[in-house]
Structures are given as C-alpha cells and as structure tokens.
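> Sequence and predicted structure below; questions after.
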Amino acid sequence: MTSYLRNWLWSGAASAESATTPGAQVPTFTTTSPQASDDEGDDTETEVNVEAQDDDDDDIAPAFPALNSAQRAGTSSAKPAGLAPRILSDTDLMPPPPLPGLAVRTPGVSLSTRGSSSLGVPASSGGLAVPPSTTKAPPKPTKKREKVALAPGHSALDWANLKSSGADLRGVDSLQRITPSILKQHNKKDDAWSAFYGKVYNITPYIPFHPGGEKELMRVAGRDGTKLFATTHGWVNADFMLDACLVGFLVGESSS
Ligand code: HEM
C-alpha cells in the first residue's frame with residue numbers, strides 16, 4: 001500500500017516539479033487539518049513524509065479513522081482536549097412530560113360527566129367501561145357427573161384396603177372366557193358383571209365405593225361398559241381399581 005502511494009506520489013510530484021522546481025529530487029506530502037492554525041490545532045496536524053518511511057512498514061495498519069479525516073477533525077473541535085465531561089444539572093435536563101389525564105381525576109367524579117375521557121374515548125361509547133363480552137358463558141355442569149355421598153367406610157382408601165385384604169372379590173375359582181350372552185346373565189346388583197377394555201369384572205363389591213353412585217354404575221351391569229366408562233371418566237384406571245375383581249376375558253359368542 002505504501003509502495004503504491006509512494007509511486008503514485010512520486011509520478012505526480014515529479015511531473016509537477018518538472019514544471020516548477022526541476023532540481024527537487026524527493027517529494028514531500030504534507031497534510032494539515034483545516035484548523036491547524038488555531039491554538040488547539042497542533043495535535044491534529046499530521047505530516048506524512050514519504051521519504052522518511054522505510055520499506056518494511058508495509059505491515060503497519062493505517063490509522064482509522066484517517067489522521068486527516070473529518071471524524072477526527074469534528075471530535076477535536078467538539079471536545080477540546082483536557083476538558084472533563086460536565087455533569088448536567090436539573091435545569092439542563094429535559095423537563096418531565098405532563099401528567100396524564102387519569103392522574104388528575106377527581107375522586108368520586110366519573111369520567112362520563114366530563115363529556116369524554118382524558119384518553120379521548122367519547123362518553124357515549126361507554127368511556128373506559130369494560131366492553132361487552134362476545135364470548136358465551138361456560139355451560140353449567142350437567143347433573144350426570146355429580147358425585148354421591150358415599151356411606152362411611154366406603155372411601156377410595158377403604159376400597160384399596162379391601163382389595164389388599166385378600167377377601168374374595170371375584171366370586172369365581174378361575175379366570176373364564178366370557179361371551180356377551182353369559183355376561184348378560186350377570187346384571188343384578190348382587191351379581192353384577194361388566195366388561196371394560198376386554199376384561200370382565202365382578203363390579204358388585206365396588207358398587208358402594210363408586211364415587212358416581214350405584215345407579216350410574218349399574219347402567220353397565222351385564223354388558224360391555226367400555227364406551228360409557230371412557231366418555232365419563234377416561235382418566236380413571238379401571239384395570240388398577242378392579243384388578244381384584246377380575247373374572248375373565250370377553251370373547252365372541254362362537255369362541256366360548
Ligand atoms: C367399574 C367401573 C368404574 C369405576 C372403577 C369407576 C370409578 C370412578 C372413580 C374413581 C370416580 C371418581 C373420579 C374422580 O374423582 O375424578 C368415579 C366417578 C364417577 N363415575 Fe365412575 N367408575 C366406574 C364406572 C362408571 C360408570 C359405568 C359410570 C356411568 C356413567 C360412572 C359414572 C361416574 C360418575 C358420574 C362419577 C362422578 C363424577 C366424576 O367424578 O367425574 N362410573 N368413578
């Protein structure tokens with residue numbers, strides 16, 4: 001870079017000097033800031049003497065911004081050297097914005113009496129009142145999902161204790177293959193079987209423990225109750241709650 005500049009300067013200066021001072025051999029390039037003649041301009045004056053530089057200065061990065069750039073000139077004029085930044089006082093700072101209209105409301109006086117709100121909302125449109133809702137009210141819970149009051153000693157914990165007590169809750173000696181017609185015969189409260197997810201359970205012992213009540217549970221007595229069970233409370237783990245009541249597996253009529 002320096003070599004290129006030197007060649008360029010040399011050719012330009014040589015041609016110029018050939019017309020003026022033919023005797024000069026070495027060109028000298030001097031750059032002076034616009035305010036070099038001012039008091040503060042001494043430190044911005046820069047001289048680049050091409051002859052004084054060696055050949056091995058190619059690796060020296062140029063100053064950025066350039067020493068004679070407008071940025072440096074502007075910085076030196078805006079911030080005189082040696083002057084510390086001044087801490088602004090309150091009077092130098094920008095004044096605070098005016099108080100919003102809401103902050104100067106008179107307590108007890110509604111905004112509508114003033115014709116319009118301070119936010120520019122006309123009183124005729126309701127001022128700052130909450131706009132009418134366009135969403136529908138949530139549906140009231142149906143009575144079908146009401147829990148019943150269980151008799152004392154029939155809580156979920158009591159049922160868990162009964163399951164683990166070792167009492168016979170199945171009513172059968174071994175697991176069976178049960179067809180829908182066989183299942184249908186067990187539809188009485190004291191002999192109620194029901195199928196959930198392919199397994200047949202004796203639900204009679206569970207009736208007094210059912211939080212949904214006896215009436216709801218008996219709707220599936222003697223038949224496959226999977227769909228009604230799932231739509232009522234799919235989160236309930238029937239497999240776990242009735243494991244001690246397992247009677248067998250539901251199969252097709254021809255598979256018995
Ligand atoms: C033998 C199978 C069943 C078992 C093990 C069972 C178990 C349960 C359990 C644990 C709850 C309490 C749920 C909770 O608190 O979140 C419950 C509630 C209920 N069950 Fe069942 N249930 C069975 C079958 C049924 C059936 C066939 C119906 C018929 C619709 C039914 C209707 C209800 C109702 C209405 C509630 C009360 C509302 C609710 O808790 O969400 N249940 N049942």
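That came through fine.
> contacts and neighbour counts: CA atoms only from here.
Noted.
> I would like the residues contacting the helix or strand hosting residue 215, please.
Following DSSP states H and E, one finds residue 215 within helix 214-217. Helix 214-217 is contacted by residues 207-208, 210 when judged by Cα atoms under 8 Å, 6 or more residues apart in numbering.
> cool, stretch 135-154 as well?
So stretch 135-154 is contacted by 208-213, 232 (Cα under 8 Å, 6+ apart).
> if you set the cut-off to 10 Å instead, what comes out?
Residues from elsewhere that reach stretch 135-154 (Cα atoms under 10 Å, 6 or more residues apart in numbering): 155-156, 158-160, 162, 206-214, 216, 232-233.
> can you narrow these to ones near the ligand?
With Cα under 6 Å from any ligand atom as the criterion, the contacts of stretch 135-154 include 210-212, 216, 232 near the ligand.
> and the residue of this protein nearest the ligand?
residue 212 (3.3 Å; Cα to the nearest ligand atom).
> residues near residue 162, how many?
17 (other Cα atoms under 10 Å).
> wait, is it part of a strand?
No - under DSSP: H, G, I helix; E, B strand; the rest coil, residue 162 falls outside any strand and is assigned helix.
> check contacts around residue 183.
Counting by Cα under 10 Å, 6+ apart, residue 183 makes contact with 192-195, 200-201, 221-224, 250.
> thinking again about what came up before, please pick the buried ones from the ones next to the ligand among the contacts of stretch 135-154.
Neighbour-count burial (16 or more other Cα atoms under 10 Å) applied to these gives 210-212.
> Rebuild those as CSV, extending it with pLDDT, distance to residue 140 and secondary structure.
Putting those into CSV (pLDDT from 0 to 100; distance: Cα to Cα, whole Å; DSSP: H, G, I helix; E, B strand; the rest coil) gives the following:
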residue, pLDDT, distance to residue 140, secondary structure
210, 97, 23, coil
211, 95, 20, coil
212, 94, 18, coil
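> List the buried residues of stretch 232-239.
Quick answer for stretch 232-239 (16+ other Cα under 10 Å): residue 238.
> what does stretch 240-252 give?
242, 244-251.
> Could you see whether the ligand lies near that stretch?
Yes - remark: stretch 240-252 sits within contact range of the ligand at residue 241, by Cα under 6 Å from any ligand atom.
> Using PDB, list the CA coordinates for that stretch.
Taking Å, rounded to 0.1, in the frame of the first residue of the first chain, the C-alpha atoms of stretch 240-252 are listed here in PDB:
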ATOM      1  CA  PHE A 240     -55.900 -51.000  38.600                       C
ATOM      2  CA  MET A 241     -59.100 -50.300  40.600                       C
ATOM      3  CA  LEU A 242     -60.800 -53.500  39.800                       C
ATOM      4  CA  ASP A 243     -57.800 -55.900  39.500                       C
ATOM      5  CA  ALA A 244     -59.000 -57.900  42.500                       C
ATOM      6  CA  CYS A 245     -62.500 -58.300  40.800                       C
ATOM      7  CA  LEU A 246     -61.300 -59.800  37.500                       C
ATOM      8  CA  VAL A 247     -63.500 -62.600  36.400                       C
ATOM      9  CA  GLY A 248     -62.200 -63.400  32.900                       C
ATOM     10  CA  PHE A 249     -62.000 -62.000  29.400                       C
ATOM     11  CA  LEU A 250     -64.700 -61.100  26.900                       C
ATOM     12  CA  VAL A 251     -64.800 -63.200  23.800                       C
ATOM     13  CA  GLY A 252     -67.100 -63.600  20.800                       C
END
